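Colleague: Build me a model:
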Amino acid sequence: MTSMRGIDLNLLLVFEALYETRSVSRAGARLGLSQSATSHALGRLREACRDELFLRAPTGMTPTPVANRIFPEIHVALGALRQSVEEARGFDPASSTRRFEIAIPHPLGPEFALRIRDAALQAAPGVRLRFDTRTLADDAPVLMREGLLDLAVDWIAAEDDRFVNRRLFDDSLVIVARGDHPRATPRMGWKDLAKEEFVRCHRRAFERRPKALSGKLWDLMADSRLTVSEYLEVPFVVGRTDYLGVLPKTMEHIARTDLRMIVIEVPGPAIRIPIWLVWHEGRRRDAGHAWLRALVHREMQAAAVEAGLLVDASSPK
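Modeller: Below you'll find the model as predicted:
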C-alpha cells in the first residue's frame, strides 16, 4: 500500500484474518462479520492495494505475491497495536481474545502443547494459542525479533543478548527396549549395550546441538543402520524389533507405562540437558506476554516434577 489515507484500519484486520484462515467464511467468523461483509471488505482491500490479494483455489484462498509481501509487516503492526491497547487497559486473561504463537521443538512438544492449551483454556477461554513443534526451528530467533513468535521451549538457549533464556528444568536420557526383548535388563552395562543394535535420530547441526548429546552413548549409535527423524518415532521401531533406542527422560512414563517397555539407565554420570524458555526482551513489559510466560513456566515445571526431574516446581533437582 503506497498510502494509508482514506483506508479503514479495520480492513487490515480483515486482511490478516483472510491470510491466516484462507477462507472468507472463517475470517468473518473470527472477526464477527457476515460472509457478505467480509467479501465486501476484501473488495475494498483489492481496490486499495490494486491487486487481487487472494485467488480462489480448490484448497481455499491463495495469497498473491503482493499479499505475501505485505502480510508480515501488517501482522507485526497489528500485533504492536494490540499489545499497546492491552498495556493501556491491563491484561485480563478472563476477557482477553489475544493470540499467541509458541514453538516447542522438544520431542514431547505435542504433549506439552496440549497441557499448556488446557491450562490456558481454564484461565483465559478467549485467548488463542498456536503451537509449532517442528524440529530444527532455526528461524525462531528471527520470528521472535519480528513479533511473529512469542516464545520458545527449546533444548538450545538463544545466544543473542537481546533474548531472555530462563532455565525450566534439566531433562536427561534413558535407553528403552521392548518389554519382551530377549536380552535387555534395566541395568545393562556398556559391554552389553555394545552388542545391541540401536535406532537413532538424526542429530541437529553441530551449532544447534546440546553439548550433552555427545560422548560414549552417541559413539555407540554411530553405526546404526536405522535413523529416524523424530524421537517420537523411536518407540514405534523399538516396539516392533530388537533395536534399542534413546529417549528423553520426560518420555520415560510413556515408554514404561503406556508401551510396557524396559527402561535402561544410561551407565555412568547422569546426562543433563537444560530445557529453556526463550523470549525476546522487547516483550518484558507486555502484561499479556508476562501472563503467558508464567503459564508456560508453571506447566513445564509441573511436567518435570511428574517426570521426576524436579523435586518441586521451584527448585531444580
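Colleague: And Phe112, how close does it get to Val296?
Modeller: In this view, Phe112 and Val296 are 9 Å apart by C-beta to C-beta, to the nearest Å. From N, CA and C alone the C-beta is placed, and that goes for glycine too.
Colleague: So which other helices or strands are in contact with the longest helix seen in the chain?
Modeller: Using DSSP state H, we find that the single longest helix of the chain is helix 65-89. Packing contacts for helix 65-89, counted by 3 or more C-beta pairs under 8 Å, 6 or more residues apart in numbering; DSSP states H and E, involve helix 10-21, helix 287-306.
Colleague: Turn these into CSV, including mean neighbour count.
Modeller: Conversion of those to CSV gives the following (neighbours: other C-beta atoms under 10 Å):
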stretch, mean neighbour count
helix 10-21, 20
helix 287-306, 19
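Colleague: avg pLDDT for stretch 216-235?
Modeller: Average pLDDT, stretch 216-235: 89.
Colleague: Could you do stretch 186-198 as well?
Modeller: 94.
Colleague: swap in stretch 289-301?
Modeller: If you average the pLDDT values across stretch 289-301, you get 95.
Colleague: ok but Pro110 is inside a helix, no?
Modeller: Yes - per DSSP: H, G, I helix; E, B strand; the rest coil, Pro110 lies within a helix segment.
Colleague: Neighbours of the nearest residue to it once chain neighbours are set aside, how many?
Modeller: Leaving aside its sequence neighbours, Pro110 sits nearest to Thr133 (C-beta to C-beta, 6 or more residues apart in numbering; 5.7 Å). The burial count assigned to Thr133 is 20, neighbours taken as other C-beta atoms under 10 Å.
Colleague: all strands for the protein, in order.
Modeller: 54-57, 60-63, 99-103, 128-132, 151-154, 163-171, 173-177, 198-201, 226-228, 244-248, 262-265, 273-280 (DSSP state E).
Colleague: mind listing what's buried in the shortest one?
Modeller: So the one you mean is strand 226-228. For strand 226-228, a neighbour-count test (16 or more other C-beta atoms under 10 Å) marks Val228 as buried.
Colleague: quick one: Val176 and Ile262 touch, right?
Modeller: Yes - Val176 is in contact with Ile262 according to C-beta atoms under 8 Å; the separation is 6.8 Å.
Colleague: Looking at the two, which is more packed in?
Modeller: Comparing Val176 with Ile262 by other C-beta under 10 Å, the one with more neighbours is Val176, at 27 against 19.
Colleague: about what we covered before: could you export the helices and strands packed on helix 65-89 to a markdown table, including columns for distance to Asp258?
Modeller: Converted to a markdown table, those look like this (distance: least, C-beta to C-beta, whole Å):
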| stretch | distance to Asp258 |
| --- | --- |
| helix 10-21 | 35 |
| helix 287-306 | 14 |
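Colleague: nearest to Thr62, of the ones you listed?
Modeller: helix 10-21 (10.5 Å; C-beta to C-beta).
Colleague: tell me which strands and helices the closest one is in contact with?
Modeller: Against helix 10-21 (3+ C-beta pairs under 8 Å, 6+ apart) you get helix 24-31, helix 35-49, helix 65-89.
Colleague: contact partners of it?
Modeller: Contact with helix 10-21 is made by 24, 26-28, 30-31, 33, 38, 41-42, 44-45, 48, 53-54, 61, 63, 67, 71, 74-75, 77-78, as judged by C-beta atoms under 8 Å, 6 or more residues apart in numbering.
Colleague: before we move on, the earlier item: quick one: which of the helices and strands packed on helix 65-89 is nearest Val246?
Modeller: It's helix 287-306; of the helices and strands packed on helix 65-89, that one is closest to Val246 (C-beta to C-beta) at 19.0 Å.
Colleague: Residues touching that closest one, excluding its own?
Modeller: With C-beta under 8 Å, 6+ apart as the criterion, helix 287-306 contacts 83, 86-87, 90-91, 93, 96, 98, 100, 102, 108, 111-112, 115-116, 119-120, 123-124, 150-151, 153, 166, 168-169, 171, 250, 253, 275, 277, 279, 283-284, 310-314.
Colleague: any low-confidence regions in the stretch 1-150 of the chain?
Modeller: Along the stretch 1-150 of the chain, the parts satisfying pLDDT under 70 run over 1-6, 83, 86-89, 135-138.
Colleague: what residues are up against Ala103?
Modeller: Shown in contact with Ala103 (C-beta under 8 Å, 6+ apart): Phe131, Asp132, Thr133, Arg134, Ala137, Ala140, Leu143, Leu149, Leu151, Ala152, Val153, Asp154.
Colleague: ok, now how distant is it from Pro110?
Modeller: Counting by C-beta to C-beta, the gap from Ala103 to Pro110 is 13 Å.
Colleague: likewise Phe169?
Modeller: 18 Å.
Colleague: more crowded one of the two?
Modeller: Phe169 (22 against 13).
Colleague: ok, for that one, nearest residue in space, not its chain neighbours?
Modeller: Leaving aside its chain neighbours, Phe169 sits nearest to Ala304 (3.7 Å; criterion: C-beta to C-beta, 6+ apart).
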